[in-house]
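Fold the following, please.
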Amino acid sequence: MFGNWLKTSILMAGIVALFGAVGGMLGGKQGMLMALVFGGAMNVWAYWFSDKMVLRMYNARQVDETSSPYLYNMVRGLAQRAGLPMPKVYIIDEEQPNAFATGRNPDHAAVAATTGIVRMLSERELRGVMAHELAHVKNRDILISTISATVAGAISMLAQFGMFFGGNRDGERPNPVLGILVMILAPMAAMIIQMAISRTREFGADRGGAEISGDPEALASALAKIDAYARGIPMHVAEAHPETAQMMIMNPLSGGGLRGLFSTHPSTQERVARLREMMVGR
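Residues are numbered from 1 along each chain as shown. All right, here's what the predicted structure looks like:
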């Protein structure tokens, strides 16, 4: 738990520093000051509201035991096994099989699953997936995941509008070549931050999910099935907002172009192998 708070603090400090560096390169001292203020304000906003923004981005609709008893009761049972407060449960109307968790802490958490994953997986496999998401909640991965997705999107926007920044106090215009370089490097820096966080935490959530559900083989089977199907079914919101890809249980991006360089998940084969090693251990 302390480790994740430390990572979150380092991430937020890094985000502010990155904003300041981009602002300084594009607008001199005045640009740096403005970017630092904006970066700090963005961190505060992201802490309190980024989960709602991500859910709204995916048009997620909240469900309960009346509107979706199958999924809701499954999550409730798993949350009780994990010793967690009941999170809010959402459905996303997408054919691609996928799921994610969000929120700032276990008392303010939400889990979301696509209609595709609910239809495709068996009950046992879906339990494994939702247990994985609850492990993210229990490990407090959700805060850093959601903040990094939100702020990475903001950095990308800052870089895209970089060419419109004015000159510095000495009346000098920013170098257009430098501006283009920043437009390329700033989003890449944000994605690298996410990659450094995401890969190890997926292994931890796989192990934690297997322990919560008591069925490592079910999660291994679910991951293999999701990987096989998700590649051929695009998720348009994720393609438009690739900074959110690291929140999903499986990378939702097509991998075309530069996206292939920014894979935020370990290989499915390695994840499945580690889960099956848990079965051998048992």
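
A strand includes His265, no?
No - counting by DSSP: H, G, I helix; E, B strand; the rest coil, one finds His265 to be coil, located in no strand.

Does it touch Met250 like I think?
Yes - shown here, His265 and Met250 form a contact pair, counting by CB atoms under 8 Å, at 6.7 Å. Every residue, glycine included, has its C-beta placed from N, CA and C.

Comparing these two, which shows the higher neighbour count?
A side-by-side neighbour count of His265 and Met250, using other CB atoms under 10 Å, places Met250 first with 24 against 21.

Now do the contacts for Asp141.
Shown in contact with Asp141 (CB atoms under 8 Å, 6 or more residues apart in numbering): 4, 101, 201, 204-205.

can you give me the helices for the stretch 1-150 of the chain?
Using DSSP state H, counting those that start in this stretch, the helices of the stretch 1-150 of the chain run over 2-57, 69-82, 115-120, 123-138, 141-160.

do you know which of these lies nearest Pro234?
Closest approach to Pro234 among the helices of the stretch 1-150 of the chain is made by helix 115-120 (11.4 Å; CB to CB).

Could I get the average pLDDT for the closest one?
Helix 115-120 carries an average pLDDT of 98.

Check the offset of that helix from the chain's centre.
Counting by CA atoms, centre = their mean, to the nearest Å, helix 115-120 is centred 20 Å from the centre of its parent chain.

And for stretch 50-70?
What separates the centre of stretch 50-70 from the centre of its chain is 16 Å, taken as CA atoms, centre = their mean.

Could you identify which of the helices of the stretch 1-150 of the chain is most buried?
The highest average neighbour count among those, using mean count of other CB atoms under 10 Å, belongs to helix 123-138 at a mean of 25.

Export that one to CSV, keeping only CA atoms.
In CSV, the C-alpha atoms belonging to helix 123-138 read as follows (Å, rounded to 0.1, in the frame of the first residue of the first chain):
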residue,chain,number,x,y,z
GLU,A,123,-19.5,-17.7,-15.1
ARG,A,124,-16.3,-19.2,-13.7
GLU,A,125,-14.1,-17.2,-16.1
LEU,A,126,-16.0,-13.9,-15.5
ARG,A,127,-15.6,-14.4,-11.7
GLY,A,128,-11.8,-14.6,-12.3
VAL,A,129,-11.8,-11.4,-14.3
MET,A,130,-13.9,-9.4,-11.8
ALA,A,131,-11.7,-10.8,-9.0
HIS,A,132,-8.7,-9.5,-10.9
GLU,A,133,-10.3,-6.0,-11.0
LEU,A,134,-11.1,-6.2,-7.3
ALA,A,135,-7.4,-7.1,-6.7
HIS,A,136,-6.5,-3.8,-8.4
VAL,A,137,-8.8,-2.1,-5.9
LYS,A,138,-7.4,-3.9,-3.0
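
Now do the phi/psi pair for His241.
phi -130, psi 70 (degrees, to the nearest 10).

right, and it touches Met57 too?
Yes - applying CB under 8 Å, one finds His241 in contact with Met57, separated by 6.2 Å.

number of nearby residues for Phe203?
The burial count assigned to Phe203 is 14, neighbours taken as other CB under 10 Å.

quick one, what contacts it?
266, 271, 274.

Most neighbours of all these, which one?
Counting neighbours by other CB under 10 Å, Arg271 comes out on top of the contacts of Phe203 with 24 neighbours.

what helix or strand does it sit in?
helix 268-281 (DSSP states H and E).

now the angle from that helix to helix 123-138?
Put simply, helix 268-281 runs at 100 degrees to helix 123-138, going by axes from the mean of the first three to the mean of the last three CA atoms, to 10 degrees.

Having no further points to raise, I will conclude here.
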